[in-house]
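Trainee: what would the 3D arrangement of this be:
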Amino acid sequence: MRSTFMGLETAKRGMSTQQSALYTTGHNISNANTPGFSRQRVNFATTTPYPGVGMNRPQIPGQIGTGVEAGTVQRIREGFLDLQFRTENTKVGYYGTLSESLTKMEEIMNEPTESGLHSTMEKFWNSLQTLSSHTENSGARDVVAETGQMVADTLNYYYNSLDRIRGDLNEEIVQVKQSQINTLIGDIHDLNDKISQIEPNGYITNDLYDQRDLLVDNLSKMVNIKVTKVTPNNYGNAKPMAEGLYNIELLDKNSNSYNPPIVLVEANKTVGVVGRNTMGVNLDANGGITSLHFNGQIVTDIGGELGGFIESYQVHYPQKLKELNDMTRAFANEFNRIHALGYGLGDTAPSGINFFDGVTAGDPNPAQSIKVNQVILDSPNKIAAGQGNGDSGNNLNALELANLKTKNFSLYQPAPTLNGSVDTFYSGVIGKLGVLSQSMQKNNLNATILADSVEKNRQSVSAVSLDEEMTNMIKFQHAYNASARNITVVDEMLDKIINGMGVVGR
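Mentor: This is a model prediction of the structure:
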């Protein structure tokens, strides 16, 4: 026989469950602007009906419902969208970093502008043409010396500026990215550990899940990773909805595993939380990066922001510096060779003077050290414009120096391993830089658009809508009030039974 007070308990359960839903709604509203927060909902479930199955069950025409209970509090999250976002986020980090570093390179080289090397070289060639027409003119000789120094200064500026940016990239990797990555790995490991202690007790740690996923999102921008959910074999009373632990593996920029695999945050079915690996940097004697490693294992072709920084530091900037050095060395050596064979104004023997200094065979960075010979700057009459003699009007050597503008590198002595003339070689250097930078910008734009699109879809699923939460609040409030009214009705019925029955005839 069912209990006389059964209706009170049913209504009480209704009030309690609607109250839990209201509390969860308030939690959602409070965290509407919290980064990484996923909205939560209470999953209502009917309680066990009366009577239960058994030999001694009361014989009534069917089971009677006993109310509702809060089954679980679930965060609303779509794992597939998380996977898509992290894939695109890695590309955004990689292409964004490369695009930014190449843009800085373009800003330094500043072509085509009046202050760029191409324009400065044009002024130098023009000054030599003018000298060939007026070899006795001291003003024309001064202009050659000064524009030559402008060329040297521009090359010095390019080299020093590119080398400084490369040093900044080195510091960014060693001082900033290494710390950020290791901190993220450590924080994810700590959250894994906390979750492993709570889930076996039957709880769903929604807020810890959100914190962990936010950290994983940030890590996915730094490096390319693969996230696998792990539920240990002996996991206590963990509910099926529990998300378990994260095992995070490092991948290369093509999403391939390293051999052997590099696991940044390790968890497995046997042990549960295992441990973590940390990123390290190997440096040379000057503090420059030679390689990256995770717990001693050297890694290459890494993706994300870190991969972009490493590629800029080890490939693009060294390549541009090498091109500047190669061009400077070939140009200055050939110019000096021709100049040394010529005659200065009034000379009776070849000058034997180099026009440019700082381009010795043992100098590894001529673009950094090139300058006009101080002898030339102090006495422009030493500029060797003539051939065979230093008579006024002898311009044969000046013409040969001016023709160096279009002279193929293969005709230099000794021939350097370069193609084309000074002009065409430098135009090629700038052209390759422009194409590469444009390509990285395009790839970054495409990756950003895709990441934003996935993030928009992800937010449409997980983000808090205040309008929706306000609607839910009214719905739960009315349900709570209705349950309270039900208690009042049951109370009035019980009042008749308790206080109104059995008083007839008194």
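Trainee: what's the distance between Ser127 and Tyr157?
Mentor: For Ser127, the distance to Tyr157 under the criterion CB to CB, to the nearest Å works out to 20 Å. For the C-beta atoms, the positions are set from N, CA and C on the backbone; glycine is no exception.
Trainee: between the two, who's got more neighbours?
Mentor: For Ser127 and Tyr157, the more surrounded residue by other CB atoms under 10 Å is Ser127, and the numbers stand at 22 against 17.
Trainee: just the element for that one, please.
Mentor: Take DSSP states H and E as the rule and Ser127 turns out to sit in helix 117-133.
Trainee: can you point out the buried residues in the helix or strand following that helix?
Mentor: Proceeding C-terminally, helix 117-133 gives way to helix 138-171 as the next helix or strand, assigned by DSSP H and E. Of the residues in helix 138-171, those buried by neighbour count under the rule 16 or more other CB atoms under 10 Å are 140-141, 143-145, 147-152, 154-159, 161-163, 165-166, 169-170.
Trainee: okay, the angle between helix 138-171 and helix 117-133?
Mentor: Between the axis of helix 138-171 and that of helix 117-133 there is an angle of 160 degrees, by axes from the mean of the first three to the mean of the last three CA atoms, to 10 degrees.
Trainee: only C-alpha atoms, please: export stretch 96-105 in PDB.
Mentor: These are the backbone C-alpha positions of stretch 96-105, laid out as PDB (Å, rounded to 0.1, in the frame of the first residue of the first chain):
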ATOM      1  CA  GLY A  96      51.200  33.800 -38.200                       C
ATOM      2  CA  THR A  97      54.700  33.700 -36.700                       C
ATOM      3  CA  LEU A  98      56.400  33.200 -40.100                       C
ATOM      4  CA  SER A  99      54.300  35.900 -41.600                       C
ATOM      5  CA  GLU A 100      55.200  38.400 -38.800                       C
ATOM      6  CA  SER A 101      58.900  37.600 -39.000                       C
ATOM      7  CA  LEU A 102      59.000  37.900 -42.800                       C
ATOM      8  CA  THR A 103      57.100  41.200 -42.600                       C
ATOM      9  CA  LYS A 104      59.700  42.600 -40.300                       C
ATOM     10  CA  MET A 105      62.300  41.500 -42.800                       C
END
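Trainee: if you count neighbours, what's buried in that stretch?
Mentor: Of the residues in stretch 96-105, those buried by neighbour count under the rule 16+ other CB under 10 Å are Gly96, Thr97, Leu98, Ser99, Glu100, Ser101, Leu102, Lys104, Met105.
Trainee: tally of neighbours for Thr360?
Mentor: 11.
Trainee: so in the protein, which strand runs the longest?
Mentor: Across the chain, the longest stretch assigned as strand under DSSP state E is strand 257-268.
Trainee: show me what that one is packed against.
Mentor: With contacts defined as 3 or more CB pairs under 8 Å, 6 or more residues apart in numbering; DSSP states H and E, the packing partners of strand 257-268 are helix 178-198, strand 225-230, strand 245-251, strand 272-276, strand 297-299.
Trainee: pick the most buried one from those.
Mentor: The highest mean neighbour count among the helices and strands packed on strand 257-268, using mean count of other CB atoms under 10 Å, belongs to strand 245-251: a mean of 23.
Trainee: report the angle between the top helix by length along the chain and helix 117-133.
Mentor: Taking DSSP state H as the criterion, the chain has its longest helix at helix 422-462. Interaxial angle, helix 422-462 versus helix 117-133 (the same axes, to 10 degrees): 170 degrees.
Trainee: give the other helices and strands that helix 422-462 contacts.
Mentor: If contacts are counted by 3+ CB pairs under 8 Å, 6+ apart, helix 422-462 sits against helix 79-109, helix 117-133, helix 317-341.
Trainee: hey, least reliable of the helices and strands packed on strand 257-268 by pLDDT?
Mentor: Averaging pLDDT over each of those singles out strand 272-276 as the lowest, with a mean of 89.
Trainee: okay, now the sheet partners of that one, with direction.
Mentor: In the sheet containing strand 272-276, the strands it pairs with under DSSP bridges are strand 257-268 (antiparallel).
Trainee: buried set for the partner strand?
Mentor: For strand 257-268, using 16+ other CB under 10 Å, the buried residues are Tyr258, Ile262, Val263, Leu264, Val265, Glu266, Ala267.
Trainee: wait, the fifth one touches Asn192, no?
Mentor: Yes - Val265 lies in contact with Asn192 (CB atoms under 8 Å); the separation is 6.4 Å.
Trainee: common neighbours of these two, please.
Mentor: Applying CB atoms under 8 Å, 6 or more residues apart in numbering, one finds that Val265 and Asn192 are jointly contacted by Tyr246.
Trainee: now do the contacts for Gln129.
Mentor: Counting by CB under 8 Å, 6+ apart, Gln129 touches Ala402.
Trainee: mind redoing it with 10 Å?
Mentor: Neighbouring residues of Gln129 by CB atoms under 10 Å, 6 or more residues apart in numbering: Ala140, Asn395, Ala398, Leu399, Leu401, Ala402, Asn403, Lys405.
Trainee: please apply the same query to Thr25.
Mentor: Shown here is Thr25, whose contacts under the criterion CB under 10 Å, 6+ apart are 39-42, 464, 468-477.
Trainee: what about it, which helix or strand?
Mentor: Using DSSP H and E, the element containing Thr25 is helix 6-30.
Trainee: list the buried ones in that helix?
Mentor: With the criterion 16+ other CB under 10 Å, helix 6-30 contains buried residues 7-8, 10-15, 17-22, 24-25, 27-28.
Trainee: next: stretch 197-211.
Mentor: When neighbours are counted by 16+ other CB under 10 Å, the buried residues of stretch 197-211 are found to be Glu199, Pro200, Tyr203, Ile204, Thr205, Asn206, Asp207, Leu208, Tyr209, Asp210, Gln211.
Trainee: geometric centre of the protein: which residue is closest?
Mentor: For the chain, the residue nearest the mean C-alpha position is Gly93 (2.4 Å; CA atoms, centre = their mean).
Trainee: I'd say that residue and Ser220 touch.
Mentor: Yes - using CB atoms under 10 Å, Gly93 and Ser220 qualify as a contacting pair, with a distance of 7.8 Å.
Trainee: shared neighbours of the two, which are they?
Mentor: Where contact means CB under 10 Å, 6+ apart, the residues bridging Gly93 and Ser220 through contact with each are Gly303, Gly304.
Trainee: nearest spatial neighbour of Asn365, chain-adjacent residues omitted?
Mentor: Sequence neighbours aside, Asn325 is the residue nearest to Asn365 in space, at 5.8 Å (criterion: CB to CB, 6 or more residues apart in numbering).
Trainee: where's the one you found relative to Gly26, distance?
Mentor: Counting by CB to CB, the gap between Asn325 and Gly26 amounts to 66 Å.
Trainee: next: Ser20.
Mentor: 11 Å.
Trainee: could you do Leu128 as well?
Mentor: To Gly26, Leu128 is 80 Å away according to CB to CB.
Trainee: ok, Pro350 next?
Mentor: Pro350 sits 93 Å away from Gly26, taking CB to CB as the criterion.
Trainee: same deal with Val143?
Mentor: Using CB to CB, Val143 is found at 79 Å from Gly26.
Trainee: can you check Pro260 too?
Mentor: According to CB to CB, Pro260 and Gly26 sit 49 Å apart.
Trainee: then Val490?
Mentor: Plainly put, Val490 is 28 Å away from Gly26 if you go by CB to CB.
Trainee: and the closest residue in space to Phe409 that isn't next to it in sequence, helix, strand or coil?
Mentor: What sits nearest to Phe409 in space, not counting adjacent residues and going by CB to CB, 6+ apart, is Leu418, at 4.1 Å. State at Leu418, reduced to three classes by DSSP: H, G, I helix; E, B strand; the rest coil: coil.
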